[in-house]
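Enquirer: Model the structure of this input:
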Amino acid sequence: MEKIILLETSTSRCSAALAVGGEVVAYKEDNTREHASLTAPFVKELLDGQGWKVRDCDAVCVSMGPGSYTGLRVGVSTAKGLCFGAGIPLLALSSLDILCAQARQEGLLPQGCRWIVPMIDARRMEVYTALYTPEGKQVTPIEAKIVDAGSFAGQLGDGPVLFIGDGAGKCREVLTGPNAFFIQDSPKASAMALPAHRAWNEKRFEDIAYFEPFYLKEFVTTVSRKKLF
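Expert: Numbers count the residues shown, from 1 in each chain. Model (predicted):
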């Protein structure tokens, strides 16, 4: 069975895992936003714990976004380095796919759930989102959506809808009604095991040299308000 290194750094949670044949055998996470200093050490610690080297693994799977610009850069750069160094292929999963898998694997769907709506925070009342069936099939393109009281009205009229992600909590006040269920959480590497296993079996390998994170929106730099002198 294939061994895959899993990396998820798209939000405030930095996490890594090792999976064998779609089953997680080791996992580590941190929520201090220190992705740059933690991601590679996490991988080494997990590999050492199993007595593995990177070259003993068959692939690296990374969350490709959307999400935090800096977090995604760290995760993808680390994944590329591991793949180049060990000569193994790269797999990539949408952070929204990971959230959807997380909801299903952890039994978080409300009874009679009609839709899963993963949400990655994108400032103010905007989120990166897409619509998924309870079986985990994506049915709409990923978009940056400003959420208001009329958002997802059709889906909420169908029945229970699960909103999950680090952008879900802030929508609770505007998406009201008995069919709206919210879980404030971030995607985690442990939820990547089964989707990565499927991607491996389907040989959905990325071009390591040219692969880039899926930012959805362009990164905008701002001027710091802190006085340096």
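Enquirer: on contacts alone, who are the packing partners of the top helix by length along the chain?
Expert: In the chain, taking DSSP state H as the definition, the longest helix is helix 69-86. Helix 69-86 is packed against strand 3-8, helix 35-50, strand 59-65, strand 90-94, with contacts defined by 3 or more Cβ pairs under 8 Å, 6 or more residues apart in numbering; DSSP states H and E. C-betas here are computed from N, CA, C, even on glycine.
Enquirer: In space, what's closest to the most centrally placed residue in the chain - neighbours in sequence excluded?
Expert: Geometric centre of the chain, nearest residue: residue 95, 2.8 Å, by Cα atoms, centre = their mean. Nearest residue to residue 95, sequence neighbours excluded (Cβ to Cβ, 6 or more residues apart in numbering): residue 10, at 4.1 Å.
Enquirer: do residue 29 as well
Expert: The shortest distance from residue 29 to any non-neighbouring residue, by Cβ to Cβ, 6+ apart, is to residue 15 (3.8 Å).
Enquirer: For that neighbour, grab the count of nearby residues.
Expert: If you count neighbours by other Cβ atoms under 10 Å, residue 15 ends up with 27.
Enquirer: my guess is it is in a strand, correct?
Expert: Yes: Residue 15: assigned to a strand according to DSSP: H, G, I helix; E, B strand; the rest coil.
Enquirer: Would you check that it makes contact with residue 8?
Expert: Yes: using Cβ atoms under 8 Å, residue 15 is in contact with residue 8, at 4.8 Å.
Enquirer: what touches both of these two?
Expert: Residues touching both residue 15 and residue 8 (Cβ atoms under 8 Å, 6 or more residues apart in numbering): 188, 189.
Enquirer: Beta-bridge partners for residue 145, please?
Expert: residue 127 (DSSP bridges).
Enquirer: list the contacts for it?
Expert: Residue 145 neighbours (Cβ under 8 Å, 6+ apart): 126, 127, 128, 129, 151.
Enquirer: got a pLDDT number for it?
Expert: Note for residue 145: predicted pLDDT of 97.
Enquirer: Tell me the spacing between the residue nearest to residue 29 and residue 207.
Expert: From residue 15 across to residue 207, the span is 25 Å (Cβ to Cβ, to the nearest Å).
Enquirer: Wasn't residue 162 part of a strand?
Expert: Yes: membership of residue 162 in a strand is supported by three-state DSSP.
Enquirer: show me what contacts it?
Expert: Listed by Cβ under 8 Å, 6+ apart, the contact set of residue 162 reads 103, 108, 109, 110, 113, 115, 116, 117, 181, 182, 183.
Enquirer: can I assume the fifth one is in contact with residue 134?
Expert: Yes: contact status for residue 113 versus residue 134: in contact at 4.8 Å, counting by Cβ under 8 Å.
Enquirer: follow-up on the earlier one: report the separation between the residue nearest to residue 95 and residue 140.
Expert: Distance check for residue 10 against residue 140: by Cβ to Cβ, it reads 19 Å.
Enquirer: Pick out whichever of those two has more residues nearby.
Expert: The neighbour count for residue 10 versus residue 140, taken as other Cβ under 10 Å, is higher for residue 10 (32 against 10).
Enquirer: picking up where we left off before, for residue 37, state which of the contacts of residue 145 is nearest.
Expert: Closest approach between the contacts of residue 145 and residue 37, by Cβ to Cβ: residue 128, at 25.5 Å.
Enquirer: can I assume the closest one is in contact with residue 142?
Expert: Yes: the pair residue 128 and residue 142 qualifies as a contact (Cβ under 8 Å) at a distance of 6.3 Å.
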